[in-house]
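1. Here is the input, now give the coordinates:
(one chain, ligands or ions: 3)
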Amino acid sequence: MNRRYFLKGLASTSVVVAGSSSVLAPLSALAKGMDDGDAWLTTGSHFGAFRIKRRNGVIAEVKPLEYDKYPTDMIRGIRGLVYNPSRIRYPMVRLDFLLKGHKSNTHERGDFRFVRVTWDKALTLFKESLDIIQTQYGPSGLHAGQTGWRATGQLHSSTSHMQRAIAMHGNFVKKVGDYSTGAGQTIMPYVLGSTEVYAQGTSWPLILEHSDTIVLWSNDPYKNLQVGWNAETHESFAYLAQLKEKVKAGKIRVISIDPVETKTQAYLGCEQLYVNPQTDVALMLGIAHEMYTAKLHDAKFIEGYSLGFEEFLPYLLGDKDGIAKTPEWAEAICGVKAEVIRDLARTLTKGRTQIMMGWCIQRQQHGEQPYWMAAVLATMIGQIGLPGGGISYGHHYSGIGVPATGAAAPGAFPRNLDEGQKPLFDNNDFKGASSTIPVARWIDAILEPGKTIDANGSKVTYPDIRMMVFSGNNPWNHHQDRNRMKQAFRKLECVISIDVNWTATCRFSDIVLPACTTMERNDIDVYGAYAGRGILAMHKMVEPLFESLSDFEIFTRFAKILGKEKEYTRGLTEMEWLEKLYNECKAANQGKFAMPDFNEFWKQGYVHFGEGQNWVRHADFREDPEINPLGTPSGLIEIFSRKIAQFGYDDCPGHPVWMEKSERSHGGPGSDKFPVWLQSCHPDKRLHSQMCESKEYRETYTVQGREPVYINPEDARARGIKDGDLVRVFNDRGQLLAGAVVSGRFPKGVIRIHEGAWYGPVGKDGSVEGGAEIGALCSYGDPNTLTQDIGTSKLAQACSAYTCQVEFEKFTGKAPKVSSFDGPIEIKI
Ligand SMILES: Nc1nc2c(c(=O)[nH]1)N[C@H]1C(S)=C(S)[C@@H](COP(=O)(O)OP(=O)(O)OC[C@H]3O[C@@H](n4cnc5c(=O)[nH]c(N)nc54)[C@H](O)[C@@H]3O)O[C@H]1N2
Ligand SMILES: Nc1nc2c(c(=O)[nH]1)N[C@H]1C(S)=C(S)[C@@H](COP(=O)(O)OP(=O)(O)OC[C@H]3O[C@@H](n4cnc5c(=O)[nH]c(N)nc54)[C@H](O)[C@@H]3O)O[C@H]1N2
Ligand SMILES: [Mo]
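-> Ligands and ions are numbered 1, 2, ... in the order given. Sure, this is the predicted structure:
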């Protein structure tokens, strides 16, 4: 315990370090009266559906559901989601907030000193804070609109519960877009008429049958299909297995265009084309230039199905700016040899080519451009709408491309107020500020209230945010630039978190409420987000640990304080809700898909809807673009967008262009001082920050207890670093410790630290409390300590985490203890 705080007159308080693993009672002591039984009960998660066996009231064994032929390795971490030292045991309030409320010293936020309170006390404080904000600032003072990867389950969706309950109190600021595909989902409606990223894709069986070449562009499906938005079926892996066979037999050529050799590339044994990070648009332009000048392109398709090629051509040929976008021009930027680019132009136009874009490439500055330019390439190839041809933007996500049944899925607990319901503070006056802001610009808004920015053709004026409520998301994982976040959080009067674990977001909150996991409540879910393979019963396995409650129960109690309990629950219990959601789904599937009675379903554990049907994306458009136009203004593919051109944005003109980044490796801006590109890709062994808390599983991949940083052998040698060493990674924004994994799969000048590594700041003295300081070292390895908090452009204003340069060195000092996982410092007053 740091001495400073005793000097502040707290000498009489006693201190317990609440979370050290020894404090997690033996499992037998956590068991609360669930009977044993031999049954293997069903449940589900983003990681898949499984069956679980209970012994002496504790979860003893986990196995995949019998339909899951390709379960993820992460199934080994499932038990650790429930039993781990990071669990929040009871409601807690930050010490100074408990003493001084909205007048607390917000510079102490993050020092991790909390006091245990009762549920009643915590929920009353919650309500009183909302009262203060609504009275003093109105709805623009409250942001409760950030969302994230809350656990699966249609009833207990923590986002819905939090937002509906707060809506019963008053209005609040919301967000538009998401971190996943912010740039892509904004640009693509102008180009192909829909977000594309979340659209169903051409079925895998047709791709396997018809494609000659598949391009995986910034795409690692073998890694990323391990998790899904609903209970995942993992059926895509059967098709990847077939693809592997076809690659081996030379029947399909797969080219992975990526700076690193991905997990998918290794699995398929396919070709890899290295490209300098963030330079794909240059590569695409080089390919387009070759296609056009060598007349490899499909002029008829361009003419019949697209608009604006003539406006784009002068740029491509250099008539406008004097720079022809030749393969040689491209080579100088993207590092791919001109002759390889020429070859590629031929390969892509020779047989049937399916381009599959990943999402990472648009989470960088100007992330709109590679998506738009890839659509131009696909248009020039001319195979959009053909089986096994064209372009897709989601084949790595949630089973997109698995033939879908088309069955109706169960509905969810409502997120909004019911018709006619009114909040306690019935005030919709945002005082001239916007009620909705681009998702990744919220820290900006807190720091600069009243500022007006451009966003997708309109103006957004930042509200004056004074309070944030988080549930089912972890912004101290998902947002960029921790030290900037600290500055912003010092301006907030009140922060509330509802989570299962002591995440970094809880650490920077004032009131922390413990939710239970999916294993501690009953729920229902779709089996297979896009495939619609069936419906899954999610059985409660054990009683909620410690004092945790389900999100439904937390907000039912909160609504009771508002005097609106019945309005909130509609008078239904957990099991009554499940039965209602099930029966509504059954009615919607009447005559198409047979579903047994609810009780039968609950006992059985699932309903299976059978096989799905093959489908080709954009086939109807190809067949007749007049009868089946795209959703663009012209109904055609827009290579030039008049609408975007009219916005007049310097960072997103009327057709795709190559633009230099604010930071880039391989000779780009900032690379003299910070030569190395940091990529913070999605983790192979987690879902973002989820499962990092699973101690035993985490220990299968950590290095000296820290998150791995993947380093090219030459880069490591140049810095005297060996595999297994501790490494300090830094730039002007921050610094972290990580453990070196030296691997030839990563090129020179590129390192990777997966996002989702728990932020564990420590002070200069190595103390946990010192983690509140700006500039604190992250003791575990959260890459967002280093990333940049800027919008992609004036169009999407989306997350640009991958425009990030760093330097790294061998760490030789005394390594501080990892502060991420052991929970807060409990103060008794
Ligand atoms: N540098 C970098 N940053 C990134 C990205 C990147 O690639 N690089 N990717 C971005 C992307 S695409 C995304 S989607 C985001 C992900 O960001 P988030 O969605 O915020 O990440 P998660 O870690 O999944 O956070 C979910 C939280 O919900 C909690 N939770 C789970 N179940 C329950 C429940 O039943 N009730 C309650 N109340 N809480 C629950 C979990 O404990 C966890 O803390 O990160 C973004 N950030
Ligand atoms: N196991 C697991 N699966 C997941 C998730 C998870 O957390 N864990 N999260 C899910 C979510 S919410 C999302 S949004 C998706 C994310 O899906 P994506 O964003 O597509 O996934 P990433 O793995 O981050 O990145 C894919 C590839 O892009 C490459 N890449 C990065 N920058 C560039 C570039 O400039 N050029 C080129 N050519 N390639 C580049 C990376 O090297 C990486 O191999 O994954 C989903 N699936
Ligand atoms: Mo995402």
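
2. all helices of the stretch 1-150 of the chain, in order?
-> 4-5, 27-30, 78-82, 95-100, 119-136 (DSSP state H, counting those that start in this stretch).

3. The longest one - contacts with which helices or strands?
-> Using 3 or more CB pairs under 8 Å, 6 or more residues apart in numbering; DSSP states H and E as the contact definition, the elements that helix 119-136 packs against are strand 92-94, strand 142-143, helix 158-169, strand 467-471, strand 494-499, strand 511-514, helix 551-561. Placement of C-beta: from N, CA and C, glycine included.

4. for that helix, what is the average pLDDT?
-> Averaging pLDDT along helix 119-136 gives 98.

5. Report pLDDT for the residue nearest in space to the middle of the chain.
-> The residue lying closest to the centre of the chain (CA atoms, centre = their mean) is S180, at 5.1 Å. On the pLDDT scale, S180 is placed at 98.

6. Give me the spatial nearest neighbour of it, chain neighbours excluded.
-> Setting aside the residues directly before and after it, S180 is nearest to W359 in space (CB to CB, 6 or more residues apart in numbering), at 6.0 Å.

7. do you know how far the residue nearest to the centre of the chain is from I790?
-> 18 Å (CB to CB, to the nearest Å).

8. what's the answer for R482, then?
-> 15 Å.

9. I figured M575 hits D523, correct?
-> No: if you go by CB atoms under 8 Å, M575 and D523 don't touch, sitting 10.5 Å apart.

10. Those two - which one has more neighbours?
-> In terms of neighbours (other CB atoms under 10 Å), D523 is the more surrounded of M575 and D523; the figures are 26 against 12.

11. Tell me the residues on the stretch 201-350 of the chain that lie near ligand 2, please.
-> Proximity of the stretch 201-350 of the chain to ligand 2 (CB under 6 Å from any ligand atom) is limited to residues 217-220, 223-224, 226-227, 257-260, 262, 275, 277-278, 280.

12. rewinding a little: format the helices and strands packed on helix 119-136 as CSV; extra columns: distance to S800.
-> As requested, these are arranged in CSV below (distance: least, CB to CB, whole Å):
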stretch, distance to S800
strand 92-94, 31
strand 142-143, 21
helix 158-169, 24
strand 467-471, 22
strand 494-499, 25
strand 511-514, 30
helix 551-561, 32
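
13. and these as TSV, adding mean pLDDT?
-> Shown next, in TSV, are the helices and strands packed on helix 119-136 (pLDDT from 0 to 100):
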stretch	mean pLDDT
strand 92-94	98
strand 142-143	98
helix 158-169	97
strand 467-471	98
strand 494-499	98
strand 511-514	98
helix 551-561	98
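
14. Looking at the ones you listed, spot the one closest to A738.
-> strand 494-499 (24.2 Å; CB to CB).

15. Check what contacts that closest one and list those residues.
-> 88, 97, 102, 109, 126, 129, 132-133, 158, 162, 466-472, 474, 489, 503, 505-506, 508-515, 551, 554 (CB atoms under 8 Å, 6 or more residues apart in numbering).

16. Next up, the contacts around the residue in the chain that ligand 1 sits nearest to.
-> Scanning the chain for proximity to ligand 1 using CB to the nearest ligand atom identifies G148 as nearest, at 2.5 Å. For G148, the contacting residues are 159, 472-475, 478, 688, by CB under 8 Å, 6+ apart.

17. List just the nearest of those to ligand 2.
-> Nearest member of these to ligand 2, counting by CB to the nearest ligand atom, is H688, at 4.7 Å.

18. What's the local residue count around G318?
-> Neighbours of G318 using other CB under 10 Å come to 14.

19. That one contacts A324, doesn't it?
-> Yes: under the criterion of CB under 8 Å, G318 makes contact with A324 at 3.5 Å.

20. sorry, back to before: quick one: which of R482 and I790 has more around it?
-> Counted by other CB under 10 Å, R482 and I790 do not tie: R482 has more neighbours, with 28 against 20.

21. What residues does the stretch 601-750 of the chain have near ligand 1?
-> Going by CB under 6 Å from any ligand atom, the residues of the stretch 601-750 of the chain near ligand 1 are 680, 682, 687-690.

22. Using JSON lines, please lay out the residues you listed together with distance to D73 and secondary structure.
-> Output for those, formatted as JSON lines (distance: CB to CB, whole Å; DSSP: H, G, I helix; E, B strand; the rest coil):
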{"residue": "S680", "distance to D73": "21", "secondary structure": "coil"}
{"residue": "H682", "distance to D73": "15", "secondary structure": "coil"}
{"residue": "L687", "distance to D73": "13", "secondary structure": "strand"}
{"residue": "H688", "distance to D73": "17", "secondary structure": "coil"}
{"residue": "S689", "distance to D73": "18", "secondary structure": "coil"}
{"residue": "Q690", "distance to D73": "15", "secondary structure": "strand"}
